[in-house]
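# I would like to see how this sequence folds:
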Amino acid sequence: MTVNEYAEQVVQGFITDITDNLFLSIERNEAKMRDYMTNVNRFGKQELNMAIAKKLKVTLELKDAEGKSPPPKSQLITAYTRLKKD
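Sure, this is the predicted structure:
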């Protein structure tokens, strides 16, 4: 394996579970978590989570990846779709 192949593997692995990582970043930041909870109360958890996931996918131009997602590490979501960059 070359250094570039390894770098590609690491980046693609991160992208695959980027939705879970995004919600983990919200959980781990007190100010972001406060804003998140405010918006959960305003819009509902399911609607807010779906909007965040969709915005992530569109902004980074990602597509759904094949295969089942593992259980999320974030406690803010119950499931997520794995993503990939074409």
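# Work out for me the element the residue nearest to the spatial centre of the chain sits within.
Among the residues of the chain, the one closest to the centroid is residue 19, at 0.8 Å (C-alpha atoms, centre = their mean). Secondary structure from DSSP states H and E places residue 19 in helix 18-27.
# Tell me which other helices or strands that helix touches.
Where contact means 3 or more C-beta pairs under 8 Å, 6 or more residues apart in numbering; DSSP states H and E, helix 18-27 is packed against helix 30-43, helix 45-59. Where C-beta positions appear, they are placed from N, C-alpha and C, glycine not excepted.
# For residue 4, find the nearest of those helices.
Counting by C-beta to C-beta, residue 4 lies closest to helix 45-59 out of these; the figure is 25.5 Å.
# what's next to the helix or strand following the closest one, contact-wise?
Going down the chain from helix 45-59, the next helix or strand is strand 63-64, by DSSP H and E. In this structure, residues lying in contact with strand 63-64 by C-beta atoms under 8 Å, 6 or more residues apart in numbering are 57, 81-86.
# Follow the chain on from strand 63-64 and name the next helix or strand.
Remark: after strand 63-64, the chain's next helix or strand is strand 83-84, criterion DSSP H and E.
# returning to what we had before: turn the helices and strands packed on helix 18-27 into CSV, including mean pLDDT, distance to residue 3 and mean neighbour count.
CSV is the format used below for the helices and strands packed on helix 18-27 (pLDDT from 0 to 100; distance: least, C-beta to C-beta, whole Å; neighbours: other C-beta atoms under 10 Å):
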stretch, mean pLDDT, distance to residue 3, mean neighbour count
helix 30-43, 98, 34, 12
helix 45-59, 97, 28, 14
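# list the contacts for the residue lying closest to residue 78 once chain neighbours are set aside?
Setting aside the residues directly before and after it, residue 78 is nearest to residue 72 in space (C-beta to C-beta, 6 or more residues apart in numbering), at 7.1 Å. Residues near residue 72 by C-beta under 8 Å, 6+ apart: 20, 23, 78-80.
# I'd like to know how far residue 72 sits from residue 30.
According to C-beta to C-beta, to the nearest Å, residue 72 and residue 30 sit 20 Å apart.
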